[in-house]
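[1] Fold the following for me, if possible:
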Amino acid sequence: SEMCIRDRISVCLILISMPLVYGDCGCERLAVDDSPVQANQPWISDVDIAELQQRAINEGWTFSVGQNPATQQPVSYLCGLVEPENWWVDASFDPCVPTSVLPPRFDWRELGGCTPIRNQGGCGSCWAFGTIAPLECNILIQDHKEVDLSEQWLVSCNTNGWGCNGGWWAHDYLQWKMDRFNGTGAVLEKEFPYQAADLACDGPYHHPYLIDSWHFVGFPHGVADTESMKQAIMTYGPVSVACAVTKAFGAYTGGVFNEDDAQAQINHAVALVGWDDSQGENGVWFLRNSWGPGWGEDGYMRIEYGVCKVGYAACYVNYPVKTIVEIRGGLLGIRVGLRNVGNTATTGIYCNITMNGGILGTINTVVEDTIDCVEPGTIVYERLPYLGFGPVSITVRVEPENAGKTARYAEGYLCGLPLFLLRN
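    Numbering: from 1, shown residues only. Model prediction:
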């Protein structure tokens, strides 16, 4: 009846309005503060600094701690390396076994091989800075040219969903993987300046610098062998490495860092630019950070071998690129050139040319070929004649046996047999 319905509604309202009581049921109310103010609190307070300084005395630390630009930031703005599950599957590993006696000290800074320290600001984009740093340094070492490459391009234009909330090594985008506008290779800073934010990718961009390949050092799992990392640094320039950052790491102001928290988790991307066996207990790495020159020792840290898991997922880049792909239009369709700009012959080159589009979307053609050898300084052409009409997209993927794979994208308009390129 109507009276029963009113009574039921009244009971429901009473139950909803009753306060929740936490008794002895074994449940515990979680203290959660989701407010923006809490999320933006500085990572390390003055109280934390005092506690760290007391620990330094008690534990015999060989470094100093204090307030610095990093301590004023939330930890989420500083440490954004997110380790993918099973990242080592299908990854390329190089043991980097030393081929000769390594020097007791080596530092790319002393050889003019390091670009200025960068600052990731209020964005968990260390993964992008850790990816870009080795390439910038390699361009300086190999080409004797200092360039500033865009980390913002990686943050905004990757297709993995990475950004200021974190990411992983993005070297593939410097070699063969395409961004949101089908571009491959590094972008200059002046074309997409860093804003420390998840900005929209407003491409397409120019991509003047590519790597030939990249490889992890050592073997899957754990921190790479110290001697292997030294060999990689000497041979290939500064290397990208992961580490486990602690509050002591964040508050570091100088000295040899030797606080080793075995419980700390991998969360940060940096680069190693050299080493010195005579410092610390067993030797130190020269670690390049991306927290600006006001952190540490002008943006660098001396950290003992093995501390903070430094060297986890270490990887190097091979620069410069050895194979350049050139796409040309013409009266007889597409012409793709494979140019060897390296010093040795490239062999067993697999080439895949794909064209899609047309007025009705009916063009979907693929040409595959394997070229035995391309000598240094020479170019080999592949052709794709096709009769059709309308806008088309062309993707070329090249995989040599003895060099890094690469890719190139172009757009054009097919007018019968002639092809006119509109974007290349």
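
[2] so Ile359 touches Val392, yeah?
    No. Between Ile359 and Val392 there is no contact, the gap being 10.1 Å when judged by C-beta atoms under 8 Å. No exception for glycine: its C-beta is placed from N, CA and C like everyone else's.

[3] For the stretch 151-300 of the chain, which segments count as helices?
    With helices called from DSSP state H, counting those that start in this stretch, the stretch 151-300 of the chain shows them at 151-157, 172-175, 226-236, 247-250.

[4] now the last one: how far from the chain's centre is it?
    It refers to helix 247-250. 22 Å (C-alpha atoms, centre = their mean, to the nearest Å).

[5] Which elements pack onto that helix?
    Contacts defined by 3 or more C-beta pairs under 8 Å, 6 or more residues apart in numbering; DSSP states H and E place helix 247-250 against helix 46-59.

[6] circling back to that earlier point, nearest approach to Ala196 belongs to which of the helices of the stretch 151-300 of the chain?
    helix 151-157 (8.3 Å; C-beta to C-beta).

[7] So what touches the closest one?
    118, 120, 123, 125, 128-129, 131-132, 162-164, 167, 170, 173, 179-181, 183, 186-187, 189, 191-195, 198-201, 203, 205 (C-beta atoms under 8 Å, 6 or more residues apart in numbering).

[8] change it to 7 Å
    Residues outside helix 151-157 that contact it (C-beta atoms under 7 Å, 6 or more residues apart in numbering) are 125, 128-129, 131-132, 163-164, 170, 173, 179-180, 187, 192-195, 198-201, 203, 205.

[9] any idea of the mean pLDDT for it?
    Confidence for helix 151-157, expressed as mean pLDDT, is 98.

[10] quick one: which of Ile359 and Val392 has more around it?
    Val392 (24 against 11; other C-beta atoms under 10 Å).

[11] Where does the prediction get shaky in this structure?
    1-39 (pLDDT under 70).

[12] rerun at 50
    Counting by pLDDT under 50, the ranges of the chain that qualify are 1-38.

[13] rewinding a little: just tell me which of the helices of the stretch 151-300 of the chain ends up closest to Thr344.
    It's helix 226-236; of the helices of the stretch 151-300 of the chain, that one is closest to Thr344 (C-beta to C-beta) at 16.0 Å.

[14] Quick check: which helices or strands does that closest one pack against?
    Contacting helix 226-236 under the criterion 3 or more C-beta pairs under 7 Å, 6 or more residues apart in numbering; DSSP states H and E are the following elements: strand 213-217, strand 239-243, strand 268-276, strand 312-318.

[15] Deepest-packed of those, please.
    strand 239-243 (a mean of 28; mean count of other C-beta atoms under 10 Å).
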